[in-house]
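Asks: Quick one: sequence and predicted model below, then my questions.
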Amino acid sequence: MGNTTQEVESTKKTLADLLEGRLSLEEVIEIVRKPKDRNRFETLLEIEQERVGWDDPILVVLQEHLYVVRKQDKRRIVKCRCGQEFGDYTRNWKFMALVYERDPSDGQVFRGPKAADPDWMILREFYCPGCGAQLDVEAVPPGYPFIFKALPDIDGFYKKHPELRRRLLGTDSE
Amino acid sequence: MGILKQRLLEREKNILEGKYPPLKRLEEDPIKFEVLYTKIAGLVQNSRESAKQISASPIVREMGECIFALFTPEGDSIAFSTGLLLHIASIGSSIKWMLKNDYEEKVGIEWGDHFFNNDPYIGGAHSADQATVTPIIVDGRFVGWAAALTHCMEIGACEPGGIPVSSQTRFEEGIFWPCLKIAEDDRLKHDIEMMVERGTRVPMWWALDTRARMAGCLMIRDGMKEIIEEVGVDYYMEVIYEFIESSRRVCVDRIEERCFPGRYRMTNFMDLPLSTQNVRFKIDYLNAIRVDLEIGPDGTLLTDFEGTSPAGMHSNNASLCCLTGNLITSVIQRLFYDVKLNEGIAQASVYGDQLKVPDSTINPHDTTTACAAWTMGFLADGVFLAALGASVYVKGYREEVSGAVNVPASMIGGGTDQFGRIFAGALFEAAVGGNDASGAMDGLDTSMFPSNPEGDFTDAEVWENIFPIVWLGRRKDPDGGGMGKFRGGNGIQSLYFIANTNDCMLGSITFGDYAFDTPGSMGAYPASANYKYFFVNTNLKEAIEKRLPLPHSVGGDPSQPEWESLLEGETVRVSSQMGVRPFQEHDLFLQFNKSGGGLGDPIDRDPKAVERDLLRGDTSELTARNVYCVAFDPETKEVDPQGTETLRADMRKARLERGRPAAEYIEEVRGKILKGELPRMPKECVNQILERSEGFREEFLDCWGLPPDFDQIP
């Protein structure tokens, strides 16, 4: 049995509120308790596509602010909500970001004994060069390599969702 | 070879080859199937609730550090109670160990026997985790095992309290009994009791915990006998494997439903400044845990810990069964919370080749390695959850996203208590860590203990009867949780003083003073670092007598503890992980239970949420202004939307100014690496992993643009 248009609208609005942290604790817990909406991924893509100011189809919402999108020439790249592009999604987007190495004891974020010791650990902040969004904070010993956190298996996923694949990847065989 | 051993080996082979049993009985009569499982689950839960009341230990009675279960003859779990889920894997591994070591033939396994295990390399996490298993035989057929595990407060180790945090080899960690037969005909052996009497500081804890476990096992055994007689042994012996298989199938479907396939990587670190400790081998450690989680499109899970630091001469290493138990506990809480609790969960997530763990601090091949505190297991659990959470985020189920969990703290102690009795125990206020933020809400404050989801905080008054301490205060730790769009939950701080004794040794188990150990994700900060203070040679006695104002916490600024303005004395800052040391009456002791990491850019946080946190005292004004960039009225805390917009725009501008292109930053760090211009601990940490992990080496060389023949940081 399919959902009515009204139900779909309401699900979409609730999901948009959920993403932005506009729901109360009780409302979030209610969602946790309910059976999961099987169309969640699709609805999520719709919401995100509507709110970004560009047309490249979103294939995956990688993390806060960042998406994997499909360019017209079929390249799949990481792109920020602001439009800044970070290159091929199979390469860590951090190599295209701005980096700031913070001494955790600088007093700006952690006070006194709540800060780690800079001889043991630093905070590596990654910013979007387009909009200044803070995209990741690595708490690592100095010299530790950038951590490449998420590499989604886009083809593996879309192979199992042929209808979405046709719509977003444009072809059955890509 | 014993019959059970043969059956075990055959079953293991079948599972590894993917030959799972069909769900014949389920399809035949699903109602009968579910009714039987409900009866079994109820029996197991009931045994836990009853047995808890026999133990005298607050860890078991109040906090609920115990678990009861039913197993197949081969040692696969069929049903578990709630409680200390960490041991969902470890009890089974001790049964399997007995069978593989020919207990059937060489020791004998009879009705009325009770076997005791606390060897963490066989099953469990440390010697304080004590399991009892007893066979169930119906109509002459061996149909399974009843089992129980409790955490014991004293085990005759080099330090009191069951968790000798200063141990540097396993042999300092007290009694180790690998699957010892402690009872026959349901009677505890007298010589075993005498051994405990002579070998531990307070034998009562072992004696009553052991009776609690035995009582629970007998409830399960005798209850199961009745249930099996009702349904028939033949039916029972088929359906138990289907219970497991039905769980496995649900779990695989759940992974496919909730997780976006791909490779997810997380890393975390543990600091251990042993050179400042009263231990024999004064070695400092900075350990890394690194995980690659591969999720297949069909719901397969592959977890690889390559790139993790080696084991060391400290008590924070974790055995493989401890690690496995931690991972299973995590997936139960985050993905499989409504699944029948049994071996099927392990088969779907961490069985056989699905879990790759090198010889390391979370799988020491040398089983003489110390593991009393086993905190690296928590850290591994944390990175695993954060990796899993990243995949759930991509799939869009933001309310189910998990970040890294924190490492709970506890305190150990011994000496003479306030009543003049010998005391030894572990103080677990641990069930009040702050939870990690999800993708849709803040982490819950003072809410969680990773390995025991049903763990309770326990009343201070209960502990005050066991330890010679009095609480001056317990409060949430403001700014503890990592700042982010969704902030990490705040843990607690407790301030105690030593009462009516001058013979009191206390120590503490946690870490994270020098290195953050609970990272944030997607732009959020980690939870705050840990710290520990004592305040000694105080005039507290006089202040109490004169009814002067007393301190109840560290106060608003942790750099200037509140007690310094109220009392006379000397503040001492020590490492959070600390072996026992002597305290005097009226000394103060500040203890933390840690907070969770955040998620998302802090300046994306709803300003109204910041206002609420200011009013509740969960966020300081400094953090609200500097990190969340929220403008507010200093009196009412009401947010000024326009002022906030300006502050946030300024922050974005400041970031763009101070941030450097990655290529430029890499160039600078490469120079430092080649010249060896890095501090000692980071250098040691990275070099140790470079030596051991080809995967990490490739990542390291690629990131910093180093030549293929690069060996070590000089």
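Replies: Ah, there it is. Numbers count the residues shown, from 1 in each chain, chains lettered A, B, ... in the order given.

Asks: alpha carbons only for contacts and neighbour counts from here, please
Replies: OK.

Asks: How about the contacts made by the residue positioned nearest the centre of chain A?
Replies: Closest to where the C-alpha atoms of chain A average out (CA atoms, centre = their mean) is A:Gln63, at 1.8 Å. By CA atoms under 8 Å, 6 or more residues apart in numbering or on different chains, A:Gln63 lies in contact with B:390, B:393-394, B:522.

Asks: Quick check on the residues you listed: which are buried?
Replies: B:390, B:393-394, B:522 (16 or more other CA atoms under 10 Å in any protein chain shown).

Asks: Would you check which pair of the contacts of A:Gln63 lies furthest apart?
Replies: B:Val394 and B:Met522 (12.0 Å; CA to CA).

Asks: my guess is B:Ala56 is in a helix, correct?
Replies: No. Counting by DSSP: H, G, I helix; E, B strand; the rest coil, B:Ala56 is located in no helix; its state is coil.

Asks: What residues does B:Val143 make contact with?
Replies: B:72-73, B:135-137, B:233, B:237.

Asks: Dump those to CSV, plus pLDDT and neighbour count.
Replies: Shown next, in CSV, are the contacts of B:Val143 (pLDDT from 0 to 100; neighbours: other CA atoms under 10 Å in any protein chain shown):
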residue, pLDDT, neighbour count
B:Thr72, 98, 24
B:Pro73, 98, 23
B:Pro135, 98, 24
B:Ile136, 98, 27
B:Ile137, 97, 19
B:Val233, 97, 18
B:Met237, 97, 17
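
Asks: I'd like the list of the residues you listed that fall within helices, please.
Replies: Members of the contacts of B:Val143 lying in helices (criterion: DSSP state H): B:233, B:237.

Asks: Closest to B:Gly433 out of the contacts of B:Val143?
Replies: B:Thr72 (35.2 Å).

Asks: thinking again about what came up before, closest one of the buried ones among the contacts of A:Gln63 to chain A?
Replies: Within the buried ones among the contacts of A:Gln63, the smallest distance to chain A is 4.7 Å, found for B:Met522 (CA to the nearest CA).

Asks: Any idea how many residues pack against B:Lys541?
Replies: 13 (other CA atoms under 10 Å in any protein chain shown).

Asks: what residues are up against it?
Replies: B:His586.

Asks: Surely it is in a strand?
Replies: No. Read with three-state DSSP, B:Lys541 is helix and lies in no strand.

Asks: Tell me how far it lies from B:Phe497.
Replies: 10 Å (CA to CA, to the nearest Å).

Asks: Between the two, which contacts overlap?
Replies: By CA under 8 Å, 6+ apart, B:Lys541 and B:Phe497 have these common neighbours: B:His586.

Asks: thinking again about what came up before, inside strands: which ones of the buried ones among the contacts of A:Gln63?
Replies: Using DSSP state E to define strands, no part of the buried ones among the contacts of A:Gln63 is located there.

Asks: In JSON lines, list the contacts of A:Gln63 along with distance to chain A and pLDDT.
Replies: JSON lines is the format used below for the contacts of A:Gln63 (distance: CA to the nearest CA, whole Å; pLDDT from 0 to 100):
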{"residue": "B:Ala390", "distance to chain A": "7", "pLDDT": "97"}
{"residue": "B:Tyr393", "distance to chain A": "7", "pLDDT": "97"}
{"residue": "B:Val394", "distance to chain A": "6", "pLDDT": "97"}
{"residue": "B:Met522", "distance to chain A": "5", "pLDDT": "98"}
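
Asks: mind checking pLDDT for whichever residue of the stretch 401-550 of chain B sits closest to chain A?
Replies: Closest to chain A within the stretch 401-550 of chain B is B:Gly523: 3.6 Å, counting by CA to the nearest CA. pLDDT recorded at B:Gly523 is 98.

Asks: Now name the helix or strand holding the closest residue to it other than its chain neighbours.
Replies: Leaving aside its chain neighbours, B:Gly523 sits nearest to A:Asp136 (3.6 Å; criterion: CA to CA, 6 or more residues apart in numbering or on different chains). Here A:Asp136 sits within strand A:134-140, counting by DSSP states H and E.

Asks: I'd like the next helix or strand past the lowest-mean-pLDDT helix or strand in chain A.
Replies: None of the helices or strands of chain A scores lower by mean pLDDT, DSSP states H and E than helix A:5-19, at a mean of 79. For helix A:5-19, the following helix or strand on the C-terminal side (DSSP H and E) is helix A:25-33.

Asks: Please, where are all the helices along chain A?
Replies: A:5-19, A:25-33, A:40-51, A:154-159, A:162-169.

Asks: Make CSV from those and add distance to A:Arg70 to it.
Replies: As requested, the helices of chain A are exported to CSV (distance: least, CA to CA, whole Å):
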stretch, distance to A:Arg70
helix A:5-19, 23
helix A:25-33, 31
helix A:40-51, 12
helix A:154-159, 11
helix A:162-169, 7
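
Asks: I'd like to know which of the ones you listed is closest to B:Ile40.
Replies: Among the helices of chain A, the nearest to B:Ile40 by CA to CA is helix A:25-33 (25.0 Å).

Asks: ok now the closest one, how far from the chain's centre?
Replies: With CA atoms, centre = their mean, to the nearest Å as the basis, helix A:25-33 stands 22 Å off its chain's centre.

Asks: same thing with stretch B:633-652?
Replies: 39 Å.

Asks: in chain A, which ranges drop under the pLDDT threshold?
Replies: Across chain A, the ranges flagged by pLDDT under 70 are A:1-10, A:171-174.
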